[in-house]
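A.B. asks: Okay, predicted coordinates and the sequence, questions at the end:
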Amino acid sequence: MPDESNQKHHAQPHGGTRPRLDFQEHLADLEAQGLLVRVDRPINKDTELQPLVRWQFVGGIPEDERRAFLFTHVVDAKGRRYDMPVAVGALAASPRIYAIGMGKPVEEIGATWLRAIANPITPVTVDSPTCQQVVITGEALRGPGGGLARLPVPISTPGFDSAPYLTATLCVTRDPENGIQNMGTYRAALKATDRLGVRMVARVGGAGGYLHWLKYRARKEPMPIAIVVGCAPVVFFTGPQKLAIDSDELAVAGGLAGAPIRKAKCVTIDLEVPADAEIVIEGVIDTATLEPEAPFGESNGYVALEAFNMPMRVTAITHKRSPVFTAIISQVTPSESSVVKKVAYEPLFLTHLRDNLSIRSVKRVVMHEPLTNLRPVLFVQFARDTPRTEVWRGLQGAATLRPECGKIVIAVSEDINPESTDAVFWSLAYRSNPIEDVHIAPYRRGVQGSQYGSQQSESTMLIDATQKRAMAPLALPTREYMEGARLIWETLGLPTLSAKAPWHGYTLGDWTNTWERFAQRATAGDWEQNGIETLARQRGDVMPETPVRKIETLD
Ligand SMILES: Cc1cc2nc3c(=O)[nH]c(=O)nc-3n(C[C@H](O)[C@H](O)[C@H](O)COP(=O)(O)O)c2cc1C
């Protein structure tokens, strides 16, 4: 168990300042808040476990009501029972669950990331870590049911995946030149009781671990690697986050935690891992050879087809005395994998535009999540009256920050909710003129990875759908009338409302005192006074539909 101070500091579920540094305490927090479903009946990890949790993402359940699952009676396709429970969705089934892991309210996730990246806290080394209460090495790693076969590793996409895969990983490697460790979340396929197939993105801007692999290979040396499965949420969250190369994720995790993370030396290799992790798999990657890996359902929504990737020979498996095995639900979005990335990446885009590029009028950057998997489609929201030149700098900045992000970038104004594609289409329909507001730039790298087609490069589409001139008000009753009516709605016992913006009218710059007076009189029952005024303005020298402002000056 972690030191007592962790427990004392974690009091408030949402307003808390210190996150849990032990995964099982985090699970207990989720359970206490009704955010964990405990499944005690037998569940087949190869065919039932991930599909059951998948229903939560494809079954019409609102994001905020998604929960973590803890399976306590896990069996496999051969009827074998596992003694470790399996947690899925416990890290990021929803931003709410992620926020509990951060020990912060949802609204503070972005700012917490930026603070932690700017103020990392060096980890401390401990002896006799809890993650090494049980150590399995040598012959115990081999033979039927031994080694990796002891772990209840689920199949993520039954029917397509070629193996059970580790998904909630932190793959720790060390730069052989400067000694700095990297931790990335990379998938790993079970190949034998003592062998995994690890896949690290090899494209430009690819995985930190891949850059290390290139260096070891150039030196003709094997690469030590430790795969952490299950740890404090703040430690895990640094895995999928895009941190600068050579920044130590454990120190950034310390920044998130507001305290140093405890780390420990591995048993068989020269790497350091989070001391309070649930399970650690130690091993080496032979950099002289590669092995076919996949098919495996990917986060871009398609199945990654077989490709040559890195075989890892396992040298030790260490774990807590009673560990919980952690898996993440990924593949078609929304998923746990997309939530974990969305809340972490969006603040990086916002600071890039606002602070690095000094585009002060940027309000939000939103990555489109359902089905598209965040990276291809971005929305940038601007304050009203932002000059066009600034809108275009923002569009270009968002499209170029990361090679894999921003194939389509759409700028909208402050009153448009970028989380609502309906609202974005509304903006495209009425606030953009494609011939002048859409630009296509060549030479973008494909978003899906090399194995999905022969196309060498794609292009970027930038669209300015912001409000460019004064527009007439939005034609819904103004706020006070909608709020008043809502109270009546509730007293009538009608179905519970879940308001979707826009739900009230507001002005967009084109409105006069005359029309405001008319509207106020109308709601006060004085419509006849308006008729008296317009009677006095009757004329015979115009055709129907002639705008009054062409003829008269209105105040
Ligand atoms: C569930 C999940 C699975 C992922 N799988 C992989 C993977 O197999 N290979 C990979 O290179 N990146 C994968 N990623 C993305 C990386 O974790 C992400 O790009 C991260 O920033 C990599 O860290 P690094 O820059 O230190 O390499 C995955 C992310 C998540 C959330």
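C.D. replies: On my side now, so go ahead. Numbers count the residues shown, from 1 in each chain.

A.B. asks: I'd say residue 231 and residue 169 touch.
C.D. replies: No: using Cβ atoms under 8 Å as the test, residue 231 is too far from residue 169 to be in contact (10.2 Å). (Glycine included, C-beta is placed from N, CA and C.)

A.B. asks: Neighbour count for the two, which is higher?
C.D. replies: residue 231 (29 against 25; other Cβ atoms under 10 Å).

A.B. asks: what's the distance between residue 510 and residue 502?
C.D. replies: Distance of residue 510 to residue 502, given as Cβ to Cβ, to the nearest Å: 17 Å.

A.B. asks: what's the answer for residue 140, then?
C.D. replies: Residue 140 sits 62 Å away from residue 502, going by Cβ to Cβ.

A.B. asks: Ok, residue 61 next?
C.D. replies: To residue 502, residue 61 is 25 Å away according to Cβ to Cβ.

A.B. asks: related to what we said a few turns ago, more neighbours: residue 510 and residue 502, which one.
C.D. replies: More crowded of residue 510 and residue 502, by other Cβ under 10 Å: residue 502, with 17 against 12.

A.B. asks: Now do the helix or strand hosting residue 344: which elements does it pack against?
C.D. replies: Assigned by DSSP states H and E, residue 344 belongs to helix 336-351. In terms of contacts (3 or more Cβ pairs under 8 Å, 6 or more residues apart in numbering; DSSP states H and E), helix 336-351 is packed against helix 95-102, helix 109-118, strand 362-367.

A.B. asks: Using JSON lines, lay out these together with mean pLDDT.
C.D. replies: Shown next, in JSON lines, are the helices and strands packed on helix 336-351 (pLDDT from 0 to 100):
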{"stretch": "helix 95-102", "mean pLDDT": "97"}
{"stretch": "helix 109-118", "mean pLDDT": "94"}
{"stretch": "strand 362-367", "mean pLDDT": "98"}
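
A.B. asks: Check which helices and strands the lengthiest strand in the chain sits against.
C.D. replies: Secondary structure of the chain read by DSSP state E shows that its longest strand is strand 307-319. The contact analysis (3+ Cβ pairs under 8 Å, 6+ apart) places strand 307-319 against strand 134-137, strand 195-198, strand 279-285, strand 291-293.

A.B. asks: Can you pull the poorly scored residue ranges out of the stretch 401-550 of the chain?
C.D. replies: 447-455 (pLDDT under 70).

A.B. asks: mind running it again at 80?
C.D. replies: 446-456 (pLDDT under 80).

A.B. asks: Can you identify each of the helices in it by residue range?
C.D. replies: Along the stretch 401-550 of the chain, the segments classed as helices by DSSP state H, counting those that start in this stretch run 421-431, 434-437, 479-491, 513-523, 527-535, 548-551.

A.B. asks: list the contacts for the closest residue to the ligand within the stretch 351-500 of the chain?
C.D. replies: Minimum separation of the stretch 351-500 of the chain from the ligand (Cβ to the nearest ligand atom) falls at residue 404, amounting to 8.6 Å. Contacts for residue 404 were tallied using Cβ atoms under 8 Å, 6 or more residues apart in numbering; they are 203, 205, 375, 445, 447.

A.B. asks: most surrounded residue in those?
C.D. replies: residue 375 (21 neighbours).

A.B. asks: any idea which helix or strand carries that one?
C.D. replies: Here residue 375, judged by DSSP H and E, is contained in no helix and no strand.

A.B. asks: Return the residues of the stretch 51-200 of the chain in contact with the ligand.
C.D. replies: 167, 182, 184-187, 199-200 (Cβ under 6 Å from any ligand atom).

A.B. asks: please redo it, this time with the cut-off set to 5 Å
C.D. replies: 182, 184-187, 199-200 (Cβ under 5 Å from any ligand atom).

A.B. asks: and the two most separated of those?
C.D. replies: The distance between the two most remote of these (Cβ to Cβ) is 16.2 Å, for 182 and 187.

A.B. asks: More neighbours: which of these two?
C.D. replies: residue 187 (26 against 23).

A.B. asks: Can you give me the distance of residue 140 to residue 150?
C.D. replies: 9 Å.

A.B. asks: now residue 414
C.D. replies: Counting by Cβ to Cβ, the gap from residue 414 to residue 150 is 54 Å.

A.B. asks: okay, the helices of the stretch 401-550 of the chain in JSON lines with mean neighbour count next?
C.D. replies: Converted to JSON lines, those look like this (neighbours: other Cβ atoms under 10 Å):
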{"stretch": "helix 421-431", "mean neighbour count": "16"}
{"stretch": "helix 434-437", "mean neighbour count": "11"}
{"stretch": "helix 479-491", "mean neighbour count": "12"}
{"stretch": "helix 513-523", "mean neighbour count": "14"}
{"stretch": "helix 527-535", "mean neighbour count": "11"}
{"stretch": "helix 548-551", "mean neighbour count": "10"}
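
A.B. asks: Pull up the pairing partners for the longest strand of the chain, direction included.
C.D. replies: Looking at strand 307-319 with DSSP bridges, its partner strands are strand 134-137 (antiparallel), strand 195-198 (antiparallel), strand 279-285 (antiparallel), strand 291-293 (antiparallel).
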